[in-house]
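>>> For reference, the sequence and a predicted model appear below.
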Amino acid sequence: MKVERGELVLLFTTRRLKEEGEEGGIWVHRAKGGRVSVGDTVQTKEKMKYVLVTGGVVSGLGKGVAASSIGVVLKACGLRVTSIKIDPYLNTDAGTMSPFEHGEVFVLDDGGEVDLDLGNYERFLDLKLTRDNNITTGKIYQSVIEKERRGDYLGKTVQVVPHITDAIQEWIERVANIPVDGNEGPADVCIIELGGTIGDIESAPFIEALVQFSYRVGTGNFCLVHLSLVPVLNVVGEQKTKPTQHSVRQLRGLGFTPNILACRSTKELEENVKAKLAQFCHVPLSNIVTLYDVPNIWHIPLLLRDQKAHEAILKALNLQGDAKEPNLKEWTERTEIYDSLHESVRIAMVGKYTGLKDAYLSVLKALLHASVACKRKLIVDWVAAGDLEDITAEEDPDAHRTAWGLLKGANGILVPGGFGDRGVQGKILAAKYARENNIPYLGICLGMQIAVIEVARSVLGLHDANSAEFDLATKNPCVIFMPEGSKTHMGGTMRLGSRRTYFQVADCKSAKLYGNVDFIDERHRHRYEVNPEMISQLESAGLSFVGKDETGRRMEIVELVGHPFFIGVQFHPEFKSRPGNPSPPFLGFIAAVCKPGTVRPLAAACEPRILPQNNGHISKLTNGISNGHAPMSKVHQHGKGFKSSNGSLNGVYTNGNGNGHIYGWK
């Protein structure tokens with residue numbers, strides 16, 4: 001190991017090197033030369049620091065955004081951070097969960113199907129996390145049972161304490177030391193979010209493990225931030241502290257005392273309310289911060305900074321001497337631009353999960369990032385795909401008329417990914433309308449396959465053209481089942497994670513959007529793909545498959561020749577979009593909508609910043625949602641009426657089927 005004389009050599013345990021070239025567990029800070037020899041004494045790396053974020057009173061308060069925002073502020077202080085999300089459910093991962101049940105499944109580079117909060121971490125902190133950064137009860141129990149089957153416990157009775165709790169602690173410590181920011185060596189601070197609410201039965205083993213862990217790592221290496229609710233009763237207009245008092249009392253009964261109390265409320269806490277919380281929750285007054293409703297969640301790190309939350313965290317972790325004042329200049333500028341947008345862009349989102357916006361959370365964020373970059377306020381019209389179909393015209397003509405009105409009033413049409421045949425015909429009609437009327441269209445995963453099927457039916461005259469996913473008996477299967485997929489096992493059997501796409505045509509919109517690179521790396525999640533045996537037919541109809549995998553048989557990007565903007569991608573570019581560096585397909589889509597000369601042009605042209613790409617790896621910071629409370633209105637999905645919001649949701653203005661989180665951010 002080469003080091004400069006006097007340089008600091010770091011490893012995880014202090015010891016003398018016993019063998020020439022021994023480097024196990026060692027990493028070097030600013031190494032430039034010299035050599036560590038046998039017998040040399042090397043110093044230890046400082047212990048990892050941990051920030052645990054828990055939630056009380058109710059779920060959906062926004063622990064993920066709070067944890068991410070803490071990371072943003074600490075990173076602005078010059079510290080390196082990493083994140084871990086703990087989900088107490090028994091599933092081993094989020095891959096088999098319905099979007100209606102748990103929101104979108106976020107996909108990582110390594111193919112991990114994880115909780116959507118890891119998307120918040122990646123967007124806010126510009127990290128590249130792994131599947132192990134998402135801990136579930138299923139994963140922990142599975143690992144313990146595998147050890148028991150191998151005989152690793154030497155015949156002992158395997159119990160929740162100590163075996164499950166030890167496994168949790170070992171997992172946290174191992175994953176916390178994996179670098180995820182592109183630099184060598186472990187980070188300075190690991191931020192852990194415990195899903196659910198304090199007191200949940202399924203969280204008990206994790207609470208016990210984390211209590212033990214806090215004592216094991218010691219004072220000065222562990223900081224607990226408890227996020228709780230301070231509601232305002234409309235009858236009296238008073239901020240009520242009792243729910244938070246009970247939550248903290250329950251937390252203390254489990255062995256934890258919070259260092260910082262983060263209170264969610266509709267408005268900033270009054271001083272007397274903070275004083276009351278300090279008295280009854282045994283938390284210093286300076287360590288109580290308010291996370292009140294804001295126009296968009298990019299404000300949350302700024303709230304934490306302005307209330308000196310970073311100082312309380314740094315003090316709890318003994319890091320005052322290692323950190324600087326947080327520099328959030330770029331973050332602040334972006335937030336102010338976001339708040340100042342007035343000229344709008346209207347996008348029709350045609351999907352089957354429009355009743356729950358979290359099902360398309362990353363798509364919304366990618367649209368938002370692109371819209372802010374193009375200086376436009378994003379308005380999303382949620383169109384339930386089934387409501388566009390002829391059968392709905394018969395069963396519920398009002399819903400059918402409303403859906404088509406939203407589609408025809410949009411500046412651009414986006415069909416996101418999905419599974420199953422519900423609403424497929426409506427998506428095909430949406431793609432057809434965009435193609436025939438020169439409306440900018442972006443199809444993602446299933447949205448690309450839909451566009452291919454529509455062209456086969458409408459242009460080639462193959463009226464029974466379909467996907468094998470929806471009709472195994474079709475004589476013209478435009479989309480087929482992938483050979484390495486599984487039809488019997490659901491979890492983790494798709495084509496998952498980062499895969500490489502090579503551009504086949506240099507002079508195409510997609511290649512230009514990505515900076516004219518030869519190839520890109522984007523994340524995938526699908527079982528079906530465009531049939532390579534039908535490519536020549538489809539290209540004769542005007543489609544151009546400009547991106548393929550390394551074999552040349554997997555179609556990754558398709559464009560419609562002669563259309564202002566009609567692009568479908570088999571991958572999910574939304575997972576790598578960042579506010580400071582939007583996903584190229586989304587940026588091109590919004591730019592096409594904003595250009596003069598297209599259908600329904602806005603007042604001025606949008607001049608997008610086509611940023612240089614690193615083979616499709618998109619970097620930079622953050623993500624954003626805004627809060628919004630609006631009157632409820634009746635909307636329809638497949639002819640069934642249910643309540644929804646019309647107003648600002650998740651950082652965009654939406655119409656139809658809106659389900660928000662408490663106080664607007666999560």
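Perfect, thanks for sending it. Computed from a prediction, not measured in an experiment: that's the story for all the values here.

>>> what about W382, helix or strand, and which?
Using DSSP states H and E, W382 maps to strand 377-384.

>>> Pull up the per-residue confidence for I453.
We have a pLDDT of 95 for I453.

>>> so it makes contact with T474?
No - with contact defined as CB atoms under 8 Å, I453 does not count as touching T474 (9.7 Å). Every C-beta, even on glycine, is put in place using the N, C-alpha and C of the backbone.

>>> When those two are compared, which one has more neighbours?
A direct count of neighbours by other CB atoms under 10 Å for I453 and T474 places I453 higher, at 26 against 16.

>>> give the contact list for the nearest residue to D188 once chain neighbours are set aside.
Residue nearest to D188 in three dimensions, not counting chain neighbours: L79, with 4.4 Å by CB to CB, 6 or more residues apart in numbering. The neighbours of L79, taking CB atoms under 8 Å, 6 or more residues apart in numbering as the test, are A187, D188, V189, L319, D322, A323.

>>> Just the buried residues of these.
A187, D188, V189, L319, A323 (16 or more other CB atoms under 10 Å).

>>> Export the residues you listed to JSON lines and append columns for distance to V230, secondary structure and pLDDT.
Listed next are the buried ones among the contacts of L79 as JSON lines, based on distance: CB to CB, whole Å; DSSP: H, G, I helix; E, B strand; the rest coil; pLDDT from 0 to 100:
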{"residue": "A187", "distance to V230": "32", "secondary structure": "coil", "pLDDT": "95"}
{"residue": "D188", "distance to V230": "31", "secondary structure": "coil", "pLDDT": "95"}
{"residue": "V189", "distance to V230": "27", "secondary structure": "strand", "pLDDT": "96"}
{"residue": "L319", "distance to V230": "29", "secondary structure": "coil", "pLDDT": "94"}
{"residue": "A323", "distance to V230": "29", "secondary structure": "coil", "pLDDT": "87"}
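
>>> How far away from the center of its chain is the helix or strand just after the strand holding W382?
Using DSSP H and E, the helix or strand that directly follows strand 377-384 along the chain is helix 390-395. Going by CA atoms, centre = their mean, to the nearest Å, the spacing between the C-alpha centre of helix 390-395 and its chain's C-alpha centre is 36 Å.

>>> Give the buried residues for helix 390-395.
Neighbour-count burial for helix 390-395 [16+ other CB under 10 Å]: T392.

>>> Low-confidence ranges, the stretch 501-650 of the chain, go.
Residue ranges of the stretch 501-650 of the chain with pLDDT under 70: 596-650.

>>> show me where it has strands.
519-526, 528-530, 543-548, 555-560, 566-569, 632-637, 640-649 (DSSP state E, counting those that start in this stretch).

>>> Give me the helices and strands touching the fifth one, please.
This points to strand 566-569. Contact analysis of strand 566-569 by 3 or more CB pairs under 8 Å, 6 or more residues apart in numbering; DSSP states H and E lists strand 441-444, helix 446-458, helix 509-513, strand 555-560, helix 584-594 as its packing neighbours.

>>> What residues sit buried inside it?
Neighbour-count burial for strand 566-569 [16+ other CB under 10 Å]: F566, I567, G568, V569.

>>> Kindly reformat the residues you listed as CSV containing distance to R252.
Shown next, in CSV, are the buried residues of strand 566-569 (distance: CB to CB, whole Å):
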residue, distance to R252
F566, 59
I567, 55
G568, 54
V569, 50
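
>>> Low-confidence ranges, the chain, go.
Residues of the chain meeting the criterion pLDDT under 70: 1-46, 483-493, 596-666.

>>> which stretch of helix or strand covers the most centrally placed residue in it?
Residue closest to the mean C-alpha point of the chain, counted by CA atoms, centre = their mean, is G119 at 1.9 Å. Using DSSP H and E, G119 sits within helix 117-125.

>>> C-terminal to that helix, what's the next element?
Next along from helix 117-125, by DSSP H and E: strand 134-136.

>>> partners of that next one, with directions?
strand 81-87 (parallel) (DSSP bridges).

>>> Can you list the buried residues in the helix or strand following the strand it pairs with?
Per DSSP H and E, strand 81-87 leads on to helix 99-102 as the next helix or strand towards the C-terminus. Neighbour counts using 16+ other CB under 10 Å place P99, H102 of helix 99-102 among the buried residues.

>>> CA atoms of stretch 264-271 as PDB?
Taking Å, rounded to 0.1, in the frame of the first residue of the first chain, the C-alpha atoms of stretch 264-271 are listed here in PDB:
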ATOM      1  CA  ARG A 264     -45.100  18.000  11.200                       C
ATOM      2  CA  SER A 265     -47.800  20.700  11.200                       C
ATOM      3  CA  THR A 266     -49.700  22.900   8.900                       C
ATOM      4  CA  LYS A 267     -47.800  26.000  10.200                       C
ATOM      5  CA  GLU A 268     -44.700  26.800  12.200                       C
ATOM      6  CA  LEU A 269     -44.900  25.800  15.800                       C
ATOM      7  CA  GLU A 270     -45.700  28.600  18.300                       C
ATOM      8  CA  GLU A 271     -43.100  29.200  20.900                       C
END
